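Undergrad: next comes the sequence, and after it the predicted model I'd like to discuss.
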Amino acid sequence: MHHLLPLLVAIPLLGAAFLVVAGRRLPRIAAEITGLVVAGGTAVLALLLLASSVPPMVEWVGGWLPVGGESVGIVVIGDGPALGMATLVSLLTLAALAYSWRYFDEPPHGHRGAFTALMLVFQGAMCGFALAGDLFNAFVFFELMSVTAYALTGYRIDEAKAVQGALTFGVVNSLGAYAMLMGIALLYARTGELGMSKIGRGLDTAAGSGGPDALVLASFVLVLTGLLVKAASLPFHFWLPDAHAVAPTPVCMLLSGVMVELGVYGVWRVYGTVFAGPGGIPAADLTRALVTLGTLTAAVGAVMCWYQRHIKRLLAYSTVAHTGLFLVGIGVLTPEGDDGVALYIIGHAGVKAALFACAGVLLDRFGSVDEHALHGRARRMRVTAVLFAAGGLGLAGLPPFGTGLGKAVTEEAVGGPLTVVFVAASAITGGAVLRVTARVFLGLGPRPRDAEYETSGSDEKPETVGPLRRIPDTMTTVPAVLLAGALAVGTVPGFGDLVARSVNEAGSGGAQVSVHWTLHGALLGLAATVLAAALAALAVTRPRWVAAPDRAAPLRRLQSGHVGDYVAWLLVGATALGLLALPGVLGG
């Protein structure tokens with residue numbers, strides 16, 4: 001089976017190449033069916049390989065096997081986490097393509113398969129990043145993923161806002177990629193290796209009994225900076241809301257559903273394989289760095305989420321908040337934390353993609369994603385209302401959603417005051433979504449006053465030919481299936497243990513952890529949900545108490561829209577990461 005691993009990358013890329021060559025000659029329906037078949041076939045293959053991932057599979061692409069322990073070949077790893085992420089990528093790409101069935105206005109003289117081809121390239125690049133067993137090829141797929149995401153974000157090139165959002169996305173993420181490349185170069189200079197496991201052994205050998213030095217710290221900071229930019233961690237997160245506000249809805253489903261999570265996965269993979277040994281960064285220093293950044297990210301993301309009226313930006317900031325929770329979970333460096341985050345990511349992918357799908361329905365029906373302007377206008381959209389409300393409850397961690405199970409397991413792992421961070425962040429983000437549901441779909445509360453706001457979302461253009469009079473079945477079926485999947489993660493017997501076994505066999509030396517609902521975890525999930533509902537009710541009935549946007553003005557001003565400001569914050573973040581990891585190097 002290990003010989004089939006490269007096909008997870010090759011099939012989407014070959015499908016994209018076919019559409020590029022034949023797209024002008026194919027009817028539009030044929031191009032879209034091709035995309036669905038390719039994405040679905042890759043998802044089936046990923047599931048089959050995932051079922052055979054014990055023990056982990058290793059494949060040297062093209063037969064370039066190591067000779068005398070040395071190789072210039074490309075190695076891909078097929079363990080549980082890598083194949084799990086590839087499966088999630090493929091399933092979510094399939095969902096996004098199904099949602100976008102006959103989505104955009106077909107250009108009269110354009111390339112009919114362009115959007116589908118870009119989505120397939122995006123899928124192949126994300127699968128390649130998940131499977132990469134050496135740092136340089138991880139960087140190559142990182143860049144391919146990024147470049148494709150820039151193009152997809154600015155797909156509506158006739159709109160200045162789309163071009164600006166894509167440009168901001170491109171500049172910030174490119175700088176993160178350059179930082180990662182410089183870190184890889186330093187590691188290669190020290191060890192002469194590019195394979196992750198071989199770099200880790202090389203660092204341990206080079207360090208001897210002296211521990212890490214300044215070069216190891218510099219490479220650690222540079223590599224993690226690139227990954228944390230992709231993960232949209234504070235203060236690297238500024239590109240994310242700007243990109244989500246202008247990206248087409250199917251693209252937002254992938255950006256928030258799986259691409260950002262791949263940044264978190266990259267941090268987990270690189271530290272555990274490269275820097276976790278005696279020649280790397282001490283565990284206490286990584287814990288301090290990730291828990292600190294994660295807590296701040298969750299807090300700022302939740303607050304900014306609450307004070308948004310642009311629905312897509314609101315959902316983008318909720319992604320930032322949950323990224324912070326993921327970082328805290330992996331930062332405690334326990335098998336339970338890893339298991340909880342894995343389940344949390346799977347559940348979050350379904351919930352967040354479904355919420356963006358519902359936001360796209362509002363945009364294409366009313367030409368607006370402004371919570372205030374849409375007050376009460378979607379009363380007749382009962383199905384979408386139910387789906388949006390269910391997504392809000394899922395974000396809050398309501399049992400038995402997979403987000404609730406993942407959050408409960410992670411809370412058990414982190415313990416202590418950090419549990420409050422999980423409850424508060426999930427309650428605030430879930431409450432913001434429930435507030436939108438109450439106002440937009442139910443028309444509850446007084447009509448909000450149209451105060452001055454930089455990014456209201458009231459002047460958006462539909463992504464379809466024109467405003468939709470009837471919502472296509474795909475636009476409601478896809479989010480319903482995604483939410484059903486998120487529920488299945490928390491309810492299917494044995495699924496949590498299966499995920500835990502896959503994660504632990506890859507990262508914890510085979511340690512077995514039982515994953516299941518506990519009374520404590522369920523009560524915390526219910527508490528967060530009740531708090532979310534209470535916040536939404538207060539915002540609707542007493543808007544001055546909890547929803548005055550001027551209270552978040554200092555934070556909102558940081559989201560300036562100026563690329564130079566975001567670059568400055570990137571440098572601040574890299575410096576902070578270095579300072580947080582410095583004590584272990586000094587001690588060595």
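TA: Cool, got the structure. Residues are numbered from 1 along each chain as shown.
Undergrad: check what pLDDT A500 gets.
TA: pLDDT recorded at A500 is 89.
Undergrad: can you give me the neighbour number for the spatially closest residue to it that is not a sequence neighbour?
TA: Closest residue in space to A500, ignoring its immediate chain neighbours: D339 at 4.1 Å, by Cβ to Cβ, 6 or more residues apart in numbering. Any C-beta I mention is one placed from the backbone N, CA and C, and that applies to glycine too. As a burial measure, D339 scores 30 neighbours (other Cβ atoms under 10 Å).
Undergrad: same question, L579
TA: Applying other Cβ under 10 Å, we find 11 residues neighbouring L579.
Undergrad: need the contact list for it.
TA: For L579, no residue meets the contact criterion (Cβ atoms under 8 Å, 6 or more residues apart in numbering).
Undergrad: wasn't it part of a helix?
TA: Yes. Counting by DSSP: H, G, I helix; E, B strand; the rest coil, L579 is found in a helix.
Undergrad: any idea how far A179 is from it?
TA: Separation of L579 from A179 (Cβ to Cβ, to the nearest Å) stands at 16 Å.
Undergrad: how about stretch 218-233: buried residues?
TA: 218-233 (16 or more other Cβ atoms under 10 Å).
Undergrad: and the helices in the stretch 401-550 of the chain, which stretches?
TA: Per DSSP state H, counting those that start in this stretch, the stretch 401-550 of the chain carries helices over the ranges 402-414, 418-436, 473-491, 495-507, 519-541, 543-546.
Undergrad: by mean pLDDT, show me the worst of those helices.
TA: helix 543-546 (a mean of 67).
Undergrad: show the subsequent helix or strand relative to that helix.
TA: Once the chain leaves helix 543-546, the next helix or strand it forms, by DSSP states H and E, is helix 553-558.
Undergrad: please tell me how far V383 sits from H375.
TA: Going from V383 to H375 by Cβ to Cβ gives 20 Å.
Undergrad: just the helices of the stretch 401-550 of the chain: most buried one?
TA: helix 402-414 (a mean of 28; mean count of other Cβ atoms under 10 Å).
Undergrad: kindly export that helix (C-alpha atoms) in PDB.
TA: Output in PDB follows, covering the C-alpha atoms of helix 402-414 (Å, rounded to 0.1, in the frame of the first residue of the first chain):
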ATOM      1  CA  GLY A 402     -17.200  16.400  17.900                       C
ATOM      2  CA  THR A 403     -16.000  19.900  18.800                       C
ATOM      3  CA  GLY A 404     -17.400  19.300  22.300                       C
ATOM      4  CA  LEU A 405     -15.700  16.000  22.600                       C
ATOM      5  CA  GLY A 406     -12.400  17.400  21.400                       C
ATOM      6  CA  LYS A 407     -12.700  20.400  23.700                       C
ATOM      7  CA  ALA A 408     -13.600  18.200  26.700                       C
ATOM      8  CA  VAL A 409     -10.600  15.900  26.200                       C
ATOM      9  CA  THR A 410      -8.200  18.900  25.700                       C
ATOM     10  CA  GLU A 411      -9.600  20.600  28.700                       C
ATOM     11  CA  GLU A 412      -8.900  17.500  30.800                       C
ATOM     12  CA  ALA A 413      -5.300  17.500  29.400                       C
ATOM     13  CA  VAL A 414      -4.500  21.200  30.100                       C
END
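Undergrad: all strands for this structure, in order.
TA: 57-61, 74-78 (DSSP state E).
Undergrad: closest to G431 out of those strands?
TA: Nearest to G431 among those is strand 74-78; the distance by Cβ to Cβ comes to 39.9 Å.
Undergrad: give me the helices and strands touching that closest one, please.
TA: Strand 74-78 makes packing contacts with strand 57-61, helix 114-131 when contacts are defined by 3 or more Cβ pairs under 8 Å, 6 or more residues apart in numbering; DSSP states H and E.
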